[in-house]
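Asks: Sharing a sequence plus its predicted fold:
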Amino acid sequence: MDIDLFIILTIGIFIGFYVQTVIGFAGSLMALPILLFGMQLPDAIAYISIFYLFSNGFLIAKEWQNIDKKIILQLAITSIIGVILGIIVLTFSKPILLKKGLGVFILLYVAYISFGKKRIKLNKGGVASFGVLAGFFSGVFSTGGPLYVICVENSVKDIKAFRATMIGTLGLVTITRVPALAVSGILNFSHLKMTLLVFPAFLFAQFLGKRTFTIINEQLFKKFLIVLLCVSGLVLTF
């Protein structure tokens, strides 16, 4: 076993899914820059996708009654198309270009959540277009969440239903992405073996994240994460 790979993967998955559990977003964006210290982007996406499959499976079962199935069906075909296109790009593009692209995406995301005060209004065609784009970024970087937020918030107003529908949407994307990664050859048996070794860190991240959520100042925590995301985006870009 590669000890360096194990350590980097453990740290990246723990931090990413800790953050994801506490505030419900940015898990992949936090984990990817750490994982890229020890592996190529396709391998990092493979590992994150496997752990998202575990995470989303549990959450979907818990939130099933609150999920807006109509918006899920509306996004299903466009998301699948986007994910497949993204994985094709991930398979054949140069790693250095993808890393810089990820850095730019993170910086744009930070700018949006920092300065975007107005909600983006989308019609049905706009939702479909964003579905393809979100699926594409989910396939390439496993980071389509911010774009799916824009899609879902145009159709779902209740905060409880919004959260549940986001969980369902990202679960759909993950279920699509994992088989596609396996067919493309990016995800293989060695990823599954290493996943089992890191799984206790993943479970501890979920446990600690739930505990932290009950006591933390959420706004202060989000500001701290924005700074970290900005730094990681700059490092990856330049």
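Replies: That came through, no problem.
Asks: So, low pLDDT: which residues of this structure?
Replies: By pLDDT under 70, the weakly predicted segments of the chain are 1, 24-25, 116-119, 218.
Asks: go with 50
Replies: Judged against pLDDT under 50, the chain has no low-scoring part.
Asks: Just the residues contacting stretch 14-32, thanks.
Replies: Residues from elsewhere that reach stretch 14-32, judged by C-beta atoms under 8 Å, 6 or more residues apart in numbering: 12-13, 34, 41, 44-45, 48, 51-52, 55, 102, 106, 109, 141-143, 145-146, 149, 163, 166, 201-202, 204-206, 208-210, 212-213, 216, 218, 221-222, 225, 228-229, 232. From N, CA and C alone the C-beta is placed, and that goes for glycine too.
Asks: Kindly recompute the last result at 7 Å.
Replies: 12-13, 34, 44, 48, 51, 55, 102, 106, 109, 141-143, 145, 163, 201-202, 204-206, 208-210, 212-213, 216, 218, 221-222, 225, 229 (C-beta atoms under 7 Å, 6 or more residues apart in numbering).
Asks: Filter these down to the buried ones.
Replies: 12-13, 34, 44, 48, 51, 55, 102, 106, 109, 141-143, 145, 163, 201-202, 205-206, 209, 212, 222, 225, 229 (16 or more other C-beta atoms under 10 Å).
Asks: Quick check: helices, which of these are part of them?
Replies: In helices, defined here by DSSP state H, the members of the buried ones among the contacts of stretch 14-32 are 12-13, 34, 44, 48, 51, 55, 102, 106, 109, 141, 145, 163, 201-202, 205-206, 209, 212, 222, 225, 229.
Asks: Tell me which stretches of this protein form helices.
Replies: 3-23, 27-35, 41-63, 69-92, 95-115, 124-141, 145-153, 159-184, 189-213, 218-237.
Asks: out of those helices, deepest packed?
Replies: helix 27-35 (a mean of 24; mean count of other C-beta atoms under 10 Å).
Asks: and the angle for it with helix 145-153?
Replies: Orientation check (axes from the mean of the first three to the mean of the last three C-alpha atoms, to 10 degrees): helix 27-35 against helix 145-153 gives 180 degrees.
Asks: With just CA atoms, put helix 27-35 into PDB.
Replies: The C-alpha coordinates for helix 27-35 follow below in PDB (Å, rounded to 0.1, in the frame of the first residue of the first chain):
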ATOM      1  CA  GLY A  27     -17.300  19.100   0.000                       C
ATOM      2  CA  SER A  28     -15.900  18.200  -3.300                       C
ATOM      3  CA  LEU A  29     -14.400  21.700  -3.800                       C
ATOM      4  CA  MET A  30     -12.600  21.300  -0.400                       C
ATOM      5  CA  ALA A  31     -11.400  17.700  -1.000                       C
ATOM      6  CA  LEU A  32     -10.100  18.000  -4.600                       C
ATOM      7  CA  PRO A  33      -7.200  20.400  -4.100                       C
ATOM      8  CA  ILE A  34      -5.900  18.200  -1.200                       C
ATOM      9  CA  LEU A  35      -6.200  15.000  -3.200                       C
END
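Asks: gap between it and the chain center?
Replies: Distance, stretch centre to chain centre, for helix 27-35: 9 Å (C-alpha atoms, centre = their mean, to the nearest Å).
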